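>>> can you look at this prediction? I've put the sequence above it.
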Amino acid sequence: MPETSYSIQQHDLWIVRLYYFIWLGGGGSISPFLNLFLSRQNLNGIQIGWIVAIGSLIGLFAAPLWTRLNSESRYPMRLLQCSLLLTGGATLIFSWQTLFVWLAAYYALRTLFSAGQSPLSDALALRVTSATDTGYGSVRVWGSFGWAVIVLSTGWLNQQYGIRFGFIEFTFLMIIAALLLTQVRTSAAPLQVPSVEGRPGFRQVSTIILHNPVLWGLGLMLIITGVANLGIAQFENIYLAQLGARDILIGVASMASSVVEIPGMFWADRLVRRHSPAPILLISLVLYTLLRLLLFLFPSVFLIIASRAATGIAFSFYTVALVQYISRQTAANQTATALAIFTVTLPSIINITCTPLIGHVFDLVGAHWLYLIALIGYALGAVVLWAFQPRQEPGSRMVQA
């Protein structure tokens, strides 16, 4: 009996959910331990900052390149598969380096290959969920589930076999993720490449963003919060180790948020559909502000782990609302590029310009004062988002220009 269009769409939905479990979950095998790995190679905060900055400089140019190649390719899924495989290979080589110059070089190469994965994967998820009338959060939650499972097991395995084990695991998971994408049917079919006139590029979408007060305000908020929270994002796990936490406990801390994200993503999906993304995004910033204040006042391993768990709600609200916020303010053929600008390009610029400086601050005063910087940034970001949020949000996404 031939398959119906509905059954194929449902098949694709579950494949993409499993893909998110492996792809985003796979990040849990190295992301929480990356700077800890670098510190164990006897690098200081400034050197770690420069490695991140150099990689981000590469990502700044690589992300729009990947999205452009995606828009021009008749087989965009193959580009994503190549990105996954090359990232896995570069990560494996990176894990065997000990000198600063080679660590920086292979980290940059890894960023070059991985820069397009987030916007291209999110664009794929949006296409599949739109076809099946489901929420983006119902896909994204599988990434949180995968992260929870993988990061906890990796923390234990790293403690048993050494921190390099997670990098090997990551490479293996990227191979599985690339193979999973071969099972996606409707979104993997060859596409008719649009004409140049119908294919908005990075510069054109950037111009659209700058002339849209809502998106301009969103970008300003992302810059403020990104700069302010950079120190926590880069050095909190090192701070945990300094406070006496072992690798497995760092794994528990990294898992805590993702466990809460599993119900949080469904809750966020429901709230975004009922109230629109703007107020949900605003609530997430207020929650982040309060959590940073708590840790500034009472720093400890226990409270960091507890705060990570509470962050699961804030992160769920933030992630689901941000993607929908951008999607509703852009035309369908602009969304992937806009996602790349907001989720890759802006963070890359922040990392390039600020990570070495924040690494110097970490070396000088330690991690405690980074929480004060973060809470001020989130509070200011909330004010900016409130000032620029759409007063009357359309019921659906913009009509393609």
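Received it, and whenever you're ready, just let me know what you need.
>>> what about F362, neighbour count?
22 (other CB atoms under 10 Å). Heads up, the C-betas are built off the backbone N, CA and C, glycines and all.
>>> was I right to think it contacts I232?
No. In this structure F362 lies outside contact range of I232 using CB atoms under 8 Å: 10.2 Å.
>>> give the intersection of the neighbour lists for the two.
L370 (CB atoms under 8 Å, 6 or more residues apart in numbering).
>>> how about the helices in the stretch 251-400 of the chain?
Along the stretch 251-400 of the chain, counting by DSSP state H, counting those that start in this stretch, helices occupy 277-297, 301-328, 335-340, 346-365, 368-388.
>>> so which of these is nearest R17?
R17 sits nearest to helix 301-328 of all these, at 14.7 Å, using CB to CB.
>>> in contact with the closest residue to N351 other than its chain neighbours, which residues?
Among residues not flanking N351 along the chain, S56 sits closest, at 3.4 Å (CB to CB, 6 or more residues apart in numbering). S56 makes contact with T111, P347, S348, I349, I350, N351, I352, T355, according to CB under 8 Å, 6+ apart.
>>> I176 too?
Here I176 is in contact with I22 (CB under 8 Å, 6+ apart).
>>> tell me which helix or strand it sits in.
helix 165-180 (DSSP states H and E).
>>> okay, the angle between the next helix or strand after that helix and helix 301-328?
Past helix 165-180, further along toward the C-terminus, the next helix or strand under DSSP H and E is helix 202-210. Put simply, helix 202-210 runs at 100 degrees to helix 301-328, going by axes from the mean of the first three to the mean of the last three CA atoms, to 10 degrees.
>>> who are the packing partners of helix 202-210?
Helices and strands touching helix 202-210, by 3 or more CB pairs under 8 Å, 6 or more residues apart in numbering; DSSP states H and E, are helix 45-72, helix 213-242, helix 335-340.
>>> so which elements touch the longest one?
Going back to what we said before, that points to helix 213-242. For helix 213-242, the packing partners by 3+ CB pairs under 8 Å, 6+ apart are helix 34-39, helix 45-72, helix 202-210, helix 247-275, helix 277-297, helix 301-328, helix 346-365, helix 368-388.
>>> how far off centre is it?
With CA atoms, centre = their mean, to the nearest Å as the basis, helix 213-242 stands 12 Å off its chain's centre.
>>> count of neighbours near V365?
The burial count for V365: 10, using other CB under 10 Å.
>>> whoops, I mixed them up, L243
By other CB under 10 Å, the burial measure for L243, its neighbour count, is 14.
>>> is it in contact with V301, as I believe?
Yes. L243 lies in contact with V301 (CB under 8 Å); the separation is 4.9 Å.
>>> would you mind measuring from the residue nearest to S95 when sequence neighbours are not counted to I30?
Spatial nearest neighbour of S95, excluding adjacent residues (CB to CB, 6+ apart): F167 at 3.4 Å. F167 sits at a distance of 6 Å from I30 (criterion: CB to CB, to the nearest Å).
>>> the more surrounded of these two?
Each of F167 and I30 has its neighbours counted (other CB under 10 Å); I30 has more, 26 against 22.
>>> the more buried one: what's it in contact with?
Neighbours of I30 in contact, by CB under 8 Å, 6+ apart: F37, T91, G166, F167, F170.
>>> let's see that with 10 Å instead.
For I30, the contact set (CB atoms under 10 Å, 6 or more residues apart in numbering) comprises 37, 91, 94-95, 110, 150-151, 154, 158, 163-164, 166-171, 173.
>>> same thing with F266?
G135, G137, S138, V141, S316, V320.
>>> can you rerun that using 8 Å?
G135, G137, S138, V141.
>>> with S348 instead?
S348 neighbours (CB under 8 Å, 6+ apart): S56, L57, G59, L60, A63, A115.
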